[in-house]
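Q: Sequence and predicted structure, then a few things I'm wondering about:
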Amino acid sequence: MGPALPQLPFGFGDLEPAMSRDTLSFHFARHHLDHFARSCALAQRAGLGQLALDELVLAAGRTPRLRTLYRHASEAWNHACFWRSMRAGGGGTARGAVGDILRRRFGTHERFVRRFHGAAATVFGNGWLWLTWKGDRMRIVATTAGDTPLTRGHLVLLAVDLWEHAYYLDHQNRRGAFLRTFLGELVDWDGANRILESHGAGAR
Ligand SMILES: [Fe+2]
């Protein structure tokens, strides 16, 4: 079967003005699809071409000689998480079960926002910021370069791409401004709730 061809859940211009058409189209076509194509080529060469993308990330992550394949496959997987973390007209205070758990875990939505920004600031250079569920607990996770929390058993509720290509055209080097826009205008809390619910997590 092999990895499914990446799809954007919205059109290139649908997130404007929060995320420009240029940012989204370059990001998807030149970064995500490039990682996907390289993953597929390397997976074929390694005899792993039949695996789905998450299976490929896990298999390559366990195998030191497949480090390059792991990096490309995890980047492809991470980008799919990022797209489904956003929607047109998104943003605002966390709601539903995710919002309830988030407020129990961090105190208030505003305290969560401060912790989220603080975690993003710890990523030196390229990386990712995540809201995950693992071990009956909601967690803020930061990873560097193309690493992913998938290999450590986290359920990803939200992903934010912190590579500079994710925001440079819209915000130049201001990562904080990008993250404020993500939380204020883009984040899809309903999507995060659907993931939590579909995995039966958060109810315990
Ligand atoms: Fe990216």
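A: Happy to help now that I have it. Note that the coordinates shown come from a computational prediction; the quantities given were computed from them, not determined experimentally.
Q: so where's the protein shaky on pLDDT?
A: Across the chain, the ranges flagged by pLDDT under 70 are 203-204.
Q: Show me where it has its strands.
A: Assigned by DSSP state E, the strands in the chain fall at 127-134, 137-144, 155-161.
Q: Out of those, the one nearest residue 31 is which?
A: Closest of the strands of the chain to residue 31 is strand 155-161, at 8.7 Å (criterion: C-beta to C-beta). Using the backbone N, CA and C atoms, a C-beta is placed for each residue, glycine as well.
Q: Give me the contact list for the closest one.
A: 27, 78-79, 81-82, 85, 98, 120, 128-134, 138, 149-150, 166, 179, 182, 187, 192, 195-196, 199, 201 (C-beta atoms under 8 Å, 6 or more residues apart in numbering).
Q: that older thread, okay, the strands of the chain in CSV with mean neighbour count and distance to residue 60 next?
A: Output for those, formatted as CSV (neighbours: other C-beta atoms under 10 Å; distance: least, C-beta to C-beta, whole Å):
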stretch, mean neighbour count, distance to residue 60
strand 127-134, 22, 17
strand 137-144, 17, 16
strand 155-161, 24, 18
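Q: Redo those as CSV? Include distance to residue 55.
A: Formatted as CSV, the strands of the chain follow (distance: least, C-beta to C-beta, whole Å):
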stretch, distance to residue 55
strand 127-134, 19
strand 137-144, 20
strand 155-161, 16
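Q: closest to the ion out of those?
A: Closest to the ion of the strands of the chain, according to C-beta to the ion: strand 155-161, at 4.2 Å.
Q: need the residues of this structure near the ion, please.
A: 31, 161, 163 (C-beta under 5 Å from the ion).
Q: which ones are touching the nearest residue to the last one once chain neighbours are set aside?
A: Spelled out, it's residue 163. Leaving aside its chain neighbours, residue 163 sits nearest to residue 126 (4.5 Å; criterion: C-beta to C-beta, 6 or more residues apart in numbering). If a contact means C-beta under 8 Å, 6+ apart, then residue 126 has 144-146, 162-164 as its contacts.
Q: From the chain's centroid, how far away is stretch 167-174?
A: Between the centre of stretch 167-174 and the centre of its chain there are 18 Å (C-alpha atoms, centre = their mean, to the nearest Å).
Q: likewise stretch 187-204?
A: Chain-centre distance of stretch 187-204: 15 Å, with C-alpha atoms, centre = their mean.
Q: ok, and for it, which residues are buried?
A: Buried residues in stretch 187-204, counted by 16 or more other C-beta atoms under 10 Å: 187-189, 191-193, 195-196, 201-202.
Q: so which pair among those residues is furthest apart in space?
A: Checking the buried residues of stretch 187-204 with C-beta to C-beta, the most distant pair is 187 and 201, at 18.6 Å.
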